[in-house]
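Asks: Here's a sequence, model it:
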Amino acid sequence: MSVEHASDRLVDGYARGGTGLAADEVWALEAHLEACRPCRDRLSAAVAAGAPAVTALTEAVWNGLAPQLAGTAPAPPGGRALRPAVRLSTWATPAMTPWLAMVPAVTLLALLLDLTGPVADRVSLVLLLAPVLPVGGVALSWARGLDPAHELTAATPRAGLELVLRRTVAVLAAVLPALLAAGWATGVTAAQWLLPCLAFTSATLALGGLIGVTRAAAALALVWAGLVAAPTLAAGRTAAALRTDSLPLWGLVLALGAGVVIARRNAYAAQEDHR
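Replies: Predicted structure coming up:
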């Protein structure tokens, strides 16, 4: 099978710092270099010929590290026990673990208040919480202050839309089962909150391509609290936004959010868009 390699223009331009290349060309080249040894060799030759200072710096760093590495015990070979952890790291960041562990506790608290609290006969707290609960996890997927490896992850060639969607799916996989169980226990049907939940998630990603995922999640959560949650609790009855006749509107929001994400998919490859 023939393999299509990177052009000389891309390799030479990348060796000179990539200043003359478009952002999508740099991203595609870096992704290609991960799996193409001949192109990596061509890049090394181009750097040695066109940027001797970089080669000299690399050799100096390597000469300083070589004695230390020689005295370090090699890491154990990856076995089957390590593979699940490796696969999990491609879907969720360790910074999300405390938040994901908190999800059952928050859902359980809302469930207990629904069953025993004074609002049980008026409005379901589970129903109010469900649409925006995944938004916090999506925000933590790219929170600089909570993920010590954020800069390293965001600088990799695969830190674009694919990784954002992977982490979003990981959040939904952790949140939805807990909400389904709480909804079943309180009599709240999934039809009332599942579509708004997915609509808020897609809107967070869509808005995140413009102002950053973390800011988008915070803004939408505040909008929900101010326009839906607070008036619902004050009036003591379910808001119109959570009734079944509002589901077509939530479907439209979901479709628009997904369309914006697809249209601006290249925006998620820039590190600044993940703030």
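Asks: immediately after the host helix or strand of Val223, which helix or strand?
Replies: For Val223, the host element (DSSP states H and E) is helix 213-224. For helix 213-224, the following helix or strand on the C-terminal side (DSSP H and E) is helix 230-235.
Asks: Show me what that following helix packs onto, helices and strands only.
Replies: Counting contacts by 3 or more Cβ pairs under 8 Å, 6 or more residues apart in numbering; DSSP states H and E, helix 230-235 packs against no other helix or strand. From N, CA and C alone the C-beta is placed, and that goes for glycine too.
Asks: Tell me which residues are up against it.
Replies: Outside of helix 230-235, the residues within contact range by Cβ atoms under 8 Å, 6 or more residues apart in numbering are Val119, Val123, Leu128, Thr238, Ala239, Leu242.
Asks: list the buried ones in that helix?
Replies: By neighbour count with 16 or more other Cβ atoms under 10 Å, helix 230-235 contains the buried residues Thr232, Leu233.
Asks: next one: it to chain centre, how far?
Replies: 32 Å (Cα atoms, centre = their mean, to the nearest Å).
Asks: Over to stretch 162-170?
Replies: The chain centre lies 5 Å from the centre of stretch 162-170; the measure is Cα atoms, centre = their mean.
Asks: same check, this time on stretch 210-221
Replies: On Cα atoms, centre = their mean, the centre of stretch 210-221 falls 13 Å from the chain's centre.
Asks: Could you measure from the closest residue to Leu10 other than its chain neighbours over to Ser7?
Replies: In this structure, Leu10 finds its nearest non-sequential neighbour in Leu29, 5.1 Å apart by Cβ to Cβ, 6 or more residues apart in numbering. The gap separating Leu29 from Ser7 is 9 Å, by Cβ to Cβ, to the nearest Å.
Asks: So for the two, which residue has more residues nearby?
Replies: The neighbour comparison of Leu29 against Ser7 (other Cβ atoms under 10 Å) goes to Leu29, with 21 against 12.
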